[in-house]
Every structure is written in structure tokens, then in C-alpha cells.
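Asks: Just the structure for this:
(chains A and B)
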Amino acid sequence: MLLAIDWFLILEKCVLIAVIISLSLVVAMYETWAERKVAAVMQDRRGPNRAGIFGILQPLADGIKLFMKEEIIPTLSNKFLFVLGPGLAMLTAMMTSAVVPWSSHFELFGKSISLQVADINIGILYIFGVVSMGVYGIMIGGWASNNKFSLLAALRGASQIISYELAMGLSFIALLMITGSLSLKTIVEQQQDHAYNFIYQPLGFFIFLVCAFAECNRTPFDLSEAENELNFGYHQEYSSMKLGFYLFAEYVNMFVSSAVMATLFFGGYDIPFVNDISFGLHYGQNLLAVLQGLSLFVKVACFIFFFMWVRWTIPRFRYDQLMRLGWRILIPLALLNMLVTGFIVLLKSNNWHF
Amino acid sequence: MQALTNRAKTVERKPMTLWEKMYVPAIAKGMSITFGHMFKKKPTINYPEKQRPFSPVFRGLHVLNRDEEGREKCTACGLCAVACPAEAITMEAAERLPGEEKLYKEEKYAARYEINMLRCIFCGLCEEACPKDAIFLSETVTPANYSRDKFIYGKEELLIPDPKTQPEEFAKARGIVK
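Replies: Reported below is the predicted structural model:
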């Protein structure tokens, strides 16, 4: 039968989706804790250390506090959009993780279970598409609040994200010329055979990194939040868990963009300095898959730490500086990177003859 | 213009060099500074468990003293109230009746003795004015409270525990009394 439904596949994917969503939520929870700890140690403080050992229960306390807070919807706001905003922000943050390959595959019940929700051949285009949807969360939230500051912040955030998406896309084209594939799984498998893409594309990686900061609305590009000028920006009117959703979405975004960067430039789930395939043959595929997942997780944790490290070092850009950096520095640099890469790739395919 | 001191520095506004314009080296330098701070010793102490000692001249909450036999020393002479610049102290005197010799040291005592802790500026002039060594400023701070009238401390809050019946508490209170 052509249209026979593979129930096992559906079950497998549902379990995988549930695991990944809860994992990203737990990671986002502990990112809030880690952010406060990192901020503290960088400022010679101790950070949260009261709730549980090392303050490990602090995210729970924060969550309970947010749930207990009074829910306020401003009278003159558009109620439907006001509620939709945080939901959209969370949705787009979560959706990105669908195409990230978290590990190779398990071999259970005589089947090979891929640890990637969807290995679509346009994976990276899907990511770009979903990430640009993230603007709507900010835009709708800011507009529906019926508050000048929120609207200004939303406008800033939208223009910032759109500007930096360009440079991000351009920097990725150079990577695409090397890999020749849009599927994240293929990109990772290529990096397992060759060196990591970071070696081939240092400038591309740098531009991608800066743009990822901008896409996540993280300092130094957190203009849409801007506590001191726009008193908290687009989520100023939000309270209770709706605010929590916005904050959480930011952390989920950070997690997913770290995962994407690790996948694209640092070999994804590949274990460094280990021949994964022969390891898998020796010790079994399932152990390999677990270790590969851990390897990706360590890389992601390093990126997340880097995000926080930057946040507590660099002050916020001014709006015109931000736009100048985006349009007049990053985009020309990305174009140059693309041209040089294209030239070298062509030269190589011609066996280094002009 | 003639400079008044030789400490004045002229500000040079040079255009930035290409190295400076790249910003990345400066950012890397800043990042290394913040990274180095992660391994520095933290000056913070875990407050309620660990407390920094007060300085020996610290002036804190008042204590009304007793002598070794547990008799109140205060005679309600009012010198502390006169000395008080914030007018925080009020008292009412009473005469010691026969049979109360074990309670009060002298023939006159303070039936009511109140210090308004919200008015008090903890200058310690009452301690200096007291001819009977009856009032001391201890090394504790006034605890927080929910209502203003609770800050008017009467004799039950101010009096030191009796050395006869509660020797341990008395010793403890004397330990923090200067």
C-alpha cells in the first residue's frame, strides 16, 4: 500500500520532538541560572547560591515567581495580538531545533532511529526562514502593547534582525560553496571526513557569530530591550508568564543558535580527535550516539558561555553604530568572503590552473 | 593660556588608526579582562551565616545595665534625655518602695524608659552623659519591624537579662556590650 502509515515512525518522531522540546526548555532554564552565575563571577560576586546547592534550584524559584505574578493586559492593547506575541516568539524559537542533527542514530528494536526530527535537504534555508519569523514575536508584542517605547523597541528590533539576516545569509553562502549541501546532516558528515568548516571559513564564522548575536537580541545588540533608553522595550507591558515566555524564548534562541553554529562550523555531533565510525564499530552504535550527543552538547555549552561572556563584557551599540556595522562593514566583508571563497573553489575544481 | 598647575593634560583627538577602527583587538582585550575576573577572589561573604565584625567604636542598640546582683542601675536622672540631640529618650521616675531593694540599686528608678529608635541617631551622647553607667550602646543593630510604634523600645526591650536568673543571657549581652 502506497499510503500505509508508518506508526513506528510517527511514534519515534513524537518522542523525539517531546524530548528535544523539554531538553531545550530545561537548557533555557539553566541558562538563566548560568547567566546569573557568569555575570556574578565576572563581576567578582557569588551569584545565586541560596536555592539548593550552588543555587541550582534558582530557575524553579524564578519560574514559580513568574507564574504567581499578576497577569496584566493593558486596557487599550489589542488583546489577541498581545497574547499571541509571546507565543509566537516561543514557537519560532522552538521550531528552529527541528532540523538540527543532535546525534547520529540509535539502533533499537532492529531499526535505525535518527536523532534529527527532520532531515530536510533545505535544512539551513528552513532555519533562516524560521529565524526571520522571530521578528513577528517582537513586532506583534511591541505593537499590541499600545506603548510608544514598546513600539520603538519593536521597530528597532525588527530592522536590526532584518539587517543582520542579510549578512548572515551572505556569510553562509561561502560555506555553502564548500559543502555543496543545505542539509545539516550532510554538512556534519562532511566535517567528519575533513577538517571542521571553521578552519576553511574563519571570516565566515566570525560574521555568522556576530549576526547570531544580533538575531538572538543579545548584548551588544540588545537594542530592542534597551533597559536604560526604552525601559525594557517590547516586553515592557508584559507581566507574569507572558514576560517569562519572551525571556525564555531568548534563551531557547540562544541554545538553538549555538547548536546551529556548532553544527555548521564546529563539526556538530562529531567527537573531536576520534574516528567516529571505527569507534562505533568497536563499542556499538548506541554508545557512539550518546557520546556524540554529549559532544555536541559540550560544544553548545561553550558557545552559550561565549554568549554570556560577551554579554558581560561589551556595552550596547548605539542604533546608528549598529546599522553602520551591519550594512557597511559586515555585508561588504561577507561579500568579499564569498568572492574569495568562490574564486578558490573554482580554482580547485580546475586543478589549480587559471 | 598659562596653566595653573603642571597636572593639566591636553586632550588629543587623533583619528583612530586602522587597528583601532577594527575594534576586534579592543574587544578581545576586554574579554580577557572579564575572563581574568572569573578567577579572582570574591570579596563577598555569605551574610547571615558569616558576619563581618563591627569596628570597636561601633554604636548600636542601647542596653539598660544591671549591676552584679541584678539591680537596675538607672536612677531616672534624665541626663541622657537632656543630652540626646534627637530627643529620642523619655522616662518617668518612681520612688523605690521598701522591699524593692533587690530590684533597683538606688532609691529612685525609671518606671518607664523609652527610646524611639526611629529618632535615635546613635551618637552615643546618652552613654557619655550617664553618671551611673546605666546605659550602653551595644554592637547590634536595630532589627526591622512592621509598624512604627514597635520601634519605640521600652524597658522590656532595653533591659539587660538578670545575671542571677539568666546568667548565660546576661553574659552574652555583656559580651556585646562594650
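Asks: Look at whichever residue of the stretch 201-350 of chain A sits closest to chain B and give its secondary structure.
Replies: Proximity of the stretch 201-350 of chain A to chain B (Cβ to the nearest Cβ) peaks at residue A:313, 4.5 Å away. C-betas here are computed from N, CA, C, even on glycine. The three-state assignment at residue A:313 reads coil, by DSSP: H, G, I helix; E, B strand; the rest coil.
Asks: residues near it, how many?
Replies: Close neighbours of residue A:313, defined as other Cβ atoms under 10 Å in any protein chain shown, add up to 20.
Asks: List the contacts of it.
Replies: Residue A:313 is in contact with A:42, B:27, B:30, B:31, B:33, B:34, counting by Cβ atoms under 8 Å, 6 or more residues apart in numbering or on different chains.
Asks: any idea how far residue B:61 is from residue A:354?
Replies: In this view, residue A:354 and residue B:61 are 89 Å apart by Cβ to Cβ, to the nearest Å.
Asks: If you count surrounding residues, which of these two has more?
Replies: Here residue A:354 and residue B:61 are set side by side on neighbour count (other Cβ under 10 Å), and the busier one is residue B:61, at 20 against 5.
Asks: was I right about that one contacting residue B:140?
Replies: Yes - A contact is recorded between residue B:61 and residue B:140 when judged using Cβ atoms under 8 Å, the distance being 4.8 Å.
Asks: Chain A contacts on chain B?
Replies: Contact residues (Cβ under 8 Å from any Cβ of the partner chain) of chain B with chain A: B:27, B:30-31, B:33-35, B:37-38, B:40-44, B:46.
Asks: Let's see which of these end up in helices.
Replies: B:27, B:30, B:31, B:33, B:34, B:35, B:37 (DSSP state H).
Asks: was I right about the first one contacting residue A:315?
Replies: No - applying Cβ under 8 Å, one finds residue B:27 not in contact with residue A:315, separated by 10.7 Å.
Asks: pLDDT weak spots in chain B?
Replies: Flagging of chain B using pLDDT under 70 yields the residue ranges B:1, B:175-178.
Asks: mind checking the longest strand of it?
Replies: The strand that spans the most residues within chain B, counting by DSSP state E, is strand B:108-116.
Asks: Tell me the strands beside it, with direction?
Replies: Sheet neighbours of strand B:108-116, with direction, are listed as strand B:89-95 (antiparallel), strand B:152-153 (antiparallel) (DSSP bridges).
Asks: which residues sit against that strand?
Replies: Applying Cβ under 8 Å, 6+ apart, the set of residues contacting strand B:108-116 from outside is B:62, B:64, B:72, B:74-77, B:88-96, B:103, B:151-155, B:158.
Asks: mind listing what's buried in it?
Replies: Neighbour-count burial for strand B:108-116, with 16 or more other Cβ atoms under 10 Å in any protein chain shown as criterion, is recorded at B:109, B:110, B:113, B:114, B:115, B:116.
Asks: Equivalent analysis for stretch A:197-217, please.
Replies: Taking 16+ other Cβ under 10 Å as the basis for neighbour counts, the residues of stretch A:197-217 that come out buried are A:197-198, A:200-201, A:204-217.
Asks: Repeat that for stretch A:263-275.
Replies: Within stretch A:263-275, the residues that count as buried by 16+ other Cβ under 10 Å are A:263, A:264, A:265, A:266, A:267, A:268, A:269, A:270, A:271.
Asks: ok, back up a step: show me which of the contacts of strand B:108-116 are buried.
Replies: With neighbours counted by 16+ other Cβ under 10 Å, the contacts of strand B:108-116 contain buried members at B:62, B:64, B:72, B:74-77, B:88-89, B:91, B:96, B:151, B:153, B:158.
Asks: Quick check: residue A:95 is in a helix.
Replies: Yes - secondary structure assignment (three-state DSSP) places residue A:95 inside a helix.
Asks: can you tell me which residues contact it?
Replies: Residues counted as contacts of residue A:95 (Cβ under 8 Å, 6+ apart) are A:130, A:133.
Asks: Which residues of the stretch 251-354 of chain A lie near chain B?
Replies: By Cβ under 8 Å from any Cβ, the part of the stretch 251-354 of chain A that sits against chain B consists of A:309, A:310, A:312, A:313, A:314.
Asks: Apart from its neighbours in sequence, what residue is nearest residue A:220?
Replies: The spatial neighbour of residue A:220 that comes closest, neighbours along the chain excluded (Cβ to Cβ, 6 or more residues apart in numbering or on different chains), is residue A:314 at 4.4 Å.
Asks: and that neighbour, how many neighbours?
Replies: The criterion is other Cβ under 10 Å. On that basis, residue A:314 has 18 neighbouring residues.
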